[in-house]
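> pasted the sequence and its predicted model underneath.
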Amino acid sequence: MRNDAAVKTSLRSVVPPFAVMDILAEVERRRAAGDRVWSLCAGEPDGGAPTDVRERAAALLASGERLGYTAALGTAELRATIAAHYERSYGVHVDREAVAVTTGSSGAFVLAFLAALDPGDRVAIARPGYPAYRNILAALGADVIELACGPEVRHQPTPALLDAAIAEHGPLTALVVASPANPTGTVIEPAAFAELAAWCTERGVRLVSDEIYHGLLHGSARATCAWEHDRSAIVVSSFSKFWGMTGWRLGWALLPPELIAPVDALAGNLALCPPALAQSAALAAFTERSYDEATAAAARCTEHRDLVVPRLAGLGLNAPAPADGAFYVYADATALLERAGASDSVELCRRILDEANVALTPGTDFDAVDGGSWVRLSYAASRDELDGALSALEAWVAALPSP
Ligand SMILES: Cc1ncc(COP(=O)(O)O)c(C=O)c1O
């Protein structure tokens with residue numbers, strides 16, 4: 001006999017699900033049933049891992065190598081190779097020991113937050129923003145302070161917003177930034193980044209910089225590595241986006257000296273080590289051919305952005321902040337909501353999926369306050385997918401009652 005009353009579920013585990021994963025599952029279900037669905041909701045590049053990475057993985061498997069556990073913070077060779085990437089890409093010297101290889105950048109966030117924060121510590125994040133920051137932090141007992149970052153500040157934190165947050169809530173322990181950001185694609189320009197980093201160092205606030213979309217930049221946009229300014233920052237990055245290796249589950253963090261031993265101990269306890277096959281194959285992500293392939297994929301993203309952005313107005317969408325990086329546009333859908341008679345972006349996206357066979361992500365995933373009137377479009381899809389989706393959307397909008 002069940003005794004439900006005695007069986008506990010933790011309060012900390014009550015975090016909102018990541019709605020985009022449900023939409024992706026729905027897209028897969030419909031495709032399996034034979035429907036043609038155009039997806040502009042996936043946050044993953046179309047092309048997959050670079051050739052050298054795939055070839056190295058195949059050779060490793062064929063060689064019969066044991067692929068056992070590695071050191072908790074990753075193999076010495078991969079840590080050194082990632083460190084060298086910073087010299088090459090930013091002219092920033094990184095010691096191999098400062099690199100912690102992790103299970104995606106997602107694994108790095110859990111480790112970094114556990115090592116740097118205690119329950120009750122206040123952590124500022126941008127709203128709209130990547131929902132996992134808020135949800136992981138909440139599950140770990142941090143007090144999440146959302147900064148309302150509208151298009152006028154490129155959806156990015158500013159010293160003025162941080163000062164206001166401190167005035168309202170009290171001192172902050174950490175600030176999480178992402179540049180380029182998800183869902184907005186906006187970049188914190190170098191001078192503004194330097195200002196934010198100085199604000200953090202002056203106040204002893206730990207800067208956590210999500211640099212997972214570095215390398216995916218459009219036009220003259222330039223991304224800043226937090227270690228160009230603040231060596232007490234935690235830098236988080238990943239093989240998922242620039243190198244198109246989402247499912248390989250490999251990322252890393254750059255750690256200031258005082259966090260290396262704590263993260264080492266936590267990593268060993270939580271996951272033993274990051275995946276050995278992915279670690280070994282990822283060494284080949286840093287060959288010239290791999291950099292060239294990833295850079296060509298980033299150039300295709302720029303072309304896709306240039307295709308999508310001019311067509312937004314015709315769809316009743318307005319993206320006021322410049323989408324300078326990653327592969328997302330975050331658009332105000334107020335005009336389209338009105339025209340479609342939809343009450344919010346969740347209903348709008350549901351109808352667009354049902355009636356136009358196009359999958360978009362409602363802004364509510366990224367912003368629980370204002371996201372009801374925003375949508376995110378991902379243009380990481382192939383050119384065919386993108387063309388099909390835009391045509392289907394335009395046809396659907398054209399069939400709506402006139403404004
Ligand atoms: C801003 C941001 N950070 C982190 C992640 C997590 O990526 P991964 O764990 O694959 O490195 C994502 C995934 O979409 C993201 O958009």
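Sure, I can see it.

> got the residues of this protein near the ligand?
Residues of the chain found near the ligand (Cβ under 6 Å from any ligand atom) are 43, 104-106, 130, 178, 182, 210, 212, 238, 240, 246, 251. All C-beta atoms are positioned from the backbone trio N, CA, C, and that covers glycine.

> if you set the cut-off to 8 Å instead, what comes out?
Residues of the chain lying near the ligand by Cβ under 8 Å from any ligand atom: 43-44, 103-109, 130, 132-133, 178, 181-182, 210, 212-213, 236-241, 246, 249-251, 326.

> residue of this protein nearest the ligand, please.
Closest residue of the chain to the ligand, Cβ to the nearest ligand atom: Gly104 (2.7 Å).

> what residues of the lowest-mean-pLDDT helix or strand in the chain count as buried?
Ranking every helix and strand in the chain by mean pLDDT, DSSP states H and E puts helix 19-32 at the bottom, with a mean of 86. Buried residues in helix 19-32, counted by 16 or more other Cβ atoms under 10 Å: 19-20, 23-24, 27, 30.

> quick one: contacts of that helix?
Contacts of helix 19-32 with the rest of the structure, by Cβ atoms under 8 Å, 6 or more residues apart in numbering, involve 37, 39, 41-43, 346, 349, 353, 357, 359, 361-362, 364-365.

> which one of the residues you listed is nearest to Thr287?
Closest approach between the contacts of helix 19-32 and Thr287, by Cβ to Cβ: Gly43, at 25.5 Å.

> my read is that that closest one contacts Ala380, right?
Yes. Counting by Cβ atoms under 8 Å, Gly43 touches Ala380, with 6.8 Å between them.

> okay, and the common contacts of these two?
Common neighbours of Gly43 and Ala380, using Cβ under 8 Å, 6+ apart, are Phe327.

> and those two? Which one has more around it.
Ala380 (25 against 21; other Cβ atoms under 10 Å).

> where does the more buried one sit: helix, strand or coil?
coil (DSSP: H, G, I helix; E, B strand; the rest coil).

> quick one: contacts for it?
By Cβ under 8 Å, 6+ apart, the neighbours of Ala380 are 42-46, 301, 304, 327.

> let's see it at 10 Å
Going by Cβ atoms under 10 Å, 6 or more residues apart in numbering, Ala380 touches 39-47, 216, 241, 244, 297, 300-301, 304, 326-328, 386.

> may I have the least confident helix or strand of the chain as CSV, with CA atoms only?
Included here for helix 19-32 are C-alpha records, laid out as CSV according to Å, rounded to 0.1, in the frame of the first residue of the first chain:
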residue,chain,number,x,y,z
ALA,A,19,9.4,25.3,-22.5
VAL,A,20,11.5,25.3,-25.6
MET,A,21,12.4,21.6,-25.0
ASP,A,22,8.6,20.8,-25.0
ILE,A,23,8.3,22.6,-28.3
LEU,A,24,11.2,20.7,-29.8
ALA,A,25,9.6,17.5,-28.6
GLU,A,26,6.3,18.5,-30.3
VAL,A,27,8.2,19.3,-33.5
GLU,A,28,9.8,15.8,-33.4
ARG,A,29,6.4,14.2,-32.7
ARG,A,30,4.8,15.9,-35.7
ARG,A,31,7.8,15.2,-38.0
ALA,A,32,7.6,11.5,-37.0
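
> run the chain-centre distance for that helix.
19 Å (Cα atoms, centre = their mean, to the nearest Å).

> stretch 367-384 too?
Here stretch 367-384 is found 13 Å from its chain centre; the criterion is Cα atoms, centre = their mean.

> need the distance between the two termini of that stretch.
Across stretch 367-384, the terminal residues are separated by 30 Å (Cα to Cα, to the nearest Å).

> right, and Leu336 touches Ala356 too?
No. Here Leu336 does not reach Ala356: they are 11.8 Å apart, not a contact under Cβ atoms under 10 Å.

> joint contacts of these two?
Contacts common to Leu336 and Ala356, judged by Cβ under 10 Å, 6+ apart, are 393, 397.

> the more surrounded of those two?
Ranked by neighbour count (other Cβ under 10 Å), Leu336 and Ala356 place Leu336 first, with 24 against 20.

> element containing that one?
helix 334-340 (DSSP states H and E).

> report the buried residues of that helix.
By neighbour count with 16+ other Cβ under 10 Å, helix 334-340 contains the buried residues 336-337, 339-340.

> output the residues you listed as JSON lines; include the columns distance to Ala62 and pLDDT.
Converted to JSON lines, the buried residues of helix 334-340 look like this (distance: Cβ to Cβ, whole Å; pLDDT from 0 to 100):
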{"residue": "Leu336", "distance to Ala62": "52", "pLDDT": "96"}
{"residue": "Leu337", "distance to Ala62": "54", "pLDDT": "97"}
{"residue": "Arg339", "distance to Ala62": "56", "pLDDT": "94"}
{"residue": "Ala340", "distance to Ala62": "53", "pLDDT": "95"}
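
> good, wrapping up.
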